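Student: Test case, fold it:
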Amino acid sequence: MQDDNKSGILYLVATPIGNLEDMTYRAVRILKEVDIIAAEDTRNSIKLLNHFEIKTPMTSYHEFNRYDKADQLVGELLGGKDVAVITDAGTPGISDPGEVLVEKCYEQGITVIPVPGAVAAINALIASGQKTRRFCFEAFLPHDKKDRRSVLESLEKETRTIILYEAPHRLKETLGELAECLGEDRGITLCKELTKKHESFMKTNLGQLISFFKEEENSPRGEYVLVIEGRSEESILEEEKAKWEDISIKDHLLSYIEQGMSKKEAVKQVTQDRGISRREVYAVSVELEVK
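Tutor: Numbering: from 1, shown residues only. I've put the predicted structure just below:
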């Protein structure tokens, strides 16, 4: 598609996450017009290409060759060929090696164009019944225990809606870890097999969801997206206030003054910490023999 003296274009082409009717006209056209399609799993993608009568040559681009193959694809692009990246399902660059290639293209001044379509995380979010204005996407939790624990702890005070992906064989374990970290009362919507025949949404809380799977005879099956309620600002404030219940206002003030705050700064901080009137804190501060 490109002149010999120009670099090609990298297209990030979204494909259906289940229902083939979600493939866009533009996506089909681009996949027919490019010189190469870089697919996460060519055995899986050939079914999609055959369905839409796309004859473009494919090459494998996946997690285990993402660096070496990215260099090869950049070479093709610099040589004037257009390349489309597709993942097994959904939008490339989300929980797949596409981001490595994009980064390398920017380093070489190669144009990158997204061709939008389905994203499991967004479809799950909008149908979850959870708040959609602010959210964070964590994809799959790390397998390494230390890294996994670190991520879970970071989510404990997350006030935005949380979106996770999980495989069926790890779902029960993950739900248990989430309940331990976030509490069994935390709201969650379990989204299963999005856009497919057995698509379902279960809006409940972590404790009830764990009980549901204990009673189920069959193991979880299918692809899951977990949309988890963010922690309320009120509960965080209540927890902060509770930390100071066993310490007097005087000692609270002194703890900040000993850290280098002025009396005025300490009064302001203690007022904020305890959620009480400034007048009450100031009255105590007057008795302190510090400036």
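Student: only C-alpha atoms for contact and neighbour calcs from this point on.
Tutor: Noted.
Student: Grab the nearest non-local neighbour of residue 67.
Tutor: Closest residue to residue 67 apart from its sequence neighbours, by CA to CA, 6 or more residues apart in numbering: residue 100 at 7.0 Å.
Student: for whichever strand or helix holds the one you found, which positions count as buried?
Tutor: Using DSSP states H and E, residue 100 maps to helix 98-107. Within helix 98-107, the residues that count as buried by 16 or more other CA atoms under 10 Å are 98, 100-102, 104-105.
Student: can you put those residues in TSV and add distance to residue 24 and pLDDT?
Tutor: Output for those, formatted as TSV (distance: CA to CA, whole Å; pLDDT from 0 to 100):
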residue	distance to residue 24	pLDDT
98	20	88
100	25	93
101	23	95
102	22	96
104	27	96
105	25	97
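Student: Between those, which sits nearest residue 87?
Tutor: residue 98 (8.3 Å; CA to CA).
Student: is it true that the closest one touches residue 92?
Tutor: Yes: in this structure, residue 98 is within contact of residue 92 by CA atoms under 8 Å, at 5.7 Å.
Student: okay, and the common contacts of the two?
Tutor: Shared contacts of residue 98 and residue 92, defined by CA atoms under 8 Å, 6 or more residues apart in numbering, are found at residue 85.
Student: distance between stretch 123-131 and the chain's centre?
Tutor: Distance of stretch 123-131 from the chain centroid (CA atoms, centre = their mean, to the nearest Å) equals 14 Å.
Student: Next: stretch 36-47.
Tutor: Relative to the mean C-alpha coordinate of its chain, stretch 36-47 is positioned 24 Å out (CA atoms, centre = their mean).
Student: Contacts made by it with the rest, please.
Tutor: For stretch 36-47, the external contacting residues (CA under 8 Å, 6+ apart) are 31, 56-63, 81-88.
Student: Of the residues you listed, which belong to helices?
Tutor: Residues of the contacts of stretch 36-47 located in helices (DSSP state H): residue 31.
Student: and stretch 159-173, what's its mean pLDDT?
Tutor: Confidence over stretch 159-173, taken as the mean pLDDT, stands at 96.
Student: and after the helix-or-strand element of the chain with minimal mean pLDDT, which helix or strand comes next?
Tutor: In the chain, no helix or strand scores lower on mean pLDDT, DSSP states H and E than helix 233-242, which sits at a mean of 70. Scanning forward in sequence from helix 233-242 by DSSP H and E, the next helix or strand is helix 249-258.
Student: Closest to the centroid, which residue in the chain?
Tutor: residue 137 (1.6 Å; CA atoms, centre = their mean).
Student: partner strands of the helix or strand hosting that residue, parallel or antiparallel?
Tutor: Here residue 137, judged by DSSP H and E, is contained in strand 135-140. Sheet pairing of strand 135-140 (DSSP bridges) gives strand 161-166 (parallel).
Student: Would you mind listing the buried residues in the partner strand?
Tutor: 161-166.
Student: Could you do stretch 140-159 as well?
Tutor: For stretch 140-159, using 16+ other CA under 10 Å, the buried residues are 141, 149, 152, 155, 157-159.
Student: before we move on, the earlier item: give the other helices and strands that the next helix or strand after the helix holding residue 100 contacts.
Tutor: Counting by DSSP H and E, the next helix or strand C-terminal to helix 98-107 is strand 111-115. For strand 111-115, the elements it packs on are strand 9-13, helix 98-107, judged by 3 or more CA pairs under 8 Å, 6 or more residues apart in numbering; DSSP states H and E.
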